[in-house]
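Undergrad: structure, please.
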Amino acid sequence: MSEKVIVIYSGGMDSFTVLNKALAEGKAPLALSFNYGQRHKKELDYAATACKQLNVPHKIVDISAINSLVGGSALTDDIDVPEGHYEEPSMQQTVVPNRNMILLSLAVGYAVSQNATKVYYGAHSGDHAIYPDCRPEFVEKMNDVCAIANYSAIEIVTPYLEVSKAAILTDGLSMNLDYSLTWTCYNGREKACGKCGACQERLEAFRDNQASDPLPYE
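TA: Here you go, the predicted structure:
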């Protein structure tokens, strides 16, 4: 019987690759997406479509009430999404306070209830400059806590923690993944903006892999 694992699945290209990596490793993933009050739900629609195609059980949980506690981000409030490269200081406006600790805590609880052994999420080295909750020291400490927080120890798994988005894409392309099933843009318009940090890093990854992004851009 395949090992059951939880994959925190945003609908973006990183978590899409993580989900497929878990499948390729012979795991039995349960995909878990969160509506945390982000400025658009387009990524959640993409997540649902991908899981349906992959035949992966998928749960979307509404935790948008936390916005009354952890606001102040361009991803959740009426603040313009900054344009520019992903690692520029202006991108700190996209930090949602304590987001990954909250999401991981909920995912670990779900893992315990489902008799799963691990929780996967898609942190990578490009996140380190801006997002404290994607850094190796955070993952290390969360693993320490999740080993003792329940009767069952749950491992936090970050397959791409030390590599770039371009390297994640390289791995995904080697698995022949269809990235038209993913949404990365911080804006939720009909087409991706191509200007926000998330779009720029995605496009950079495709350029580095000498590949074409299947998403339409403004």
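
Undergrad: surely residue 170 forms part of a helix?
TA: Yes - under DSSP: H, G, I helix; E, B strand; the rest coil, residue 170 falls within a helix.

Undergrad: could I get the contacting residues of it?
TA: Residue 170 is in contact with residue 209, counting by C-beta atoms under 8 Å, 6 or more residues apart in numbering. Yep, even glycine has a C-beta here, placed from its N, CA and C like the rest.

Undergrad: hmm, try it at 10 Å
TA: By C-beta atoms under 10 Å, 6 or more residues apart in numbering, the contact set of residue 170 is 17, 163-164, 205, 208-209, 211.

Undergrad: okay, now the unreliable bits of the protein?
TA: Within the chain, the set of residues satisfying pLDDT under 70 comprises 39, 70-96, 126-130.

Undergrad: following the longest helix anywhere in it, which helix or strand comes up?
TA: Residue-count comparison of every helix in the chain, with assignments taken from DSSP state H, identifies helix 99-113 as the longest. Per DSSP states H and E, helix 99-113 leads on to strand 118-120 as the next helix or strand towards the C-terminus.

Undergrad: what is that next one packed up against?
TA: Using 3 or more C-beta pairs under 10 Å, 6 or more residues apart in numbering; DSSP states H and E as the contact test, the elements touching strand 118-120 are strand 4-8, helix 13-24, strand 28-35, helix 99-113, helix 136-146, strand 155-157.

Undergrad: got a list of contacts for it?
TA: For strand 118-120, contacts defined as C-beta under 10 Å, 6+ apart pick out 3-9, 15, 18-19, 21-22, 27, 29, 31-32, 103-111, 142-143, 146, 153-159.
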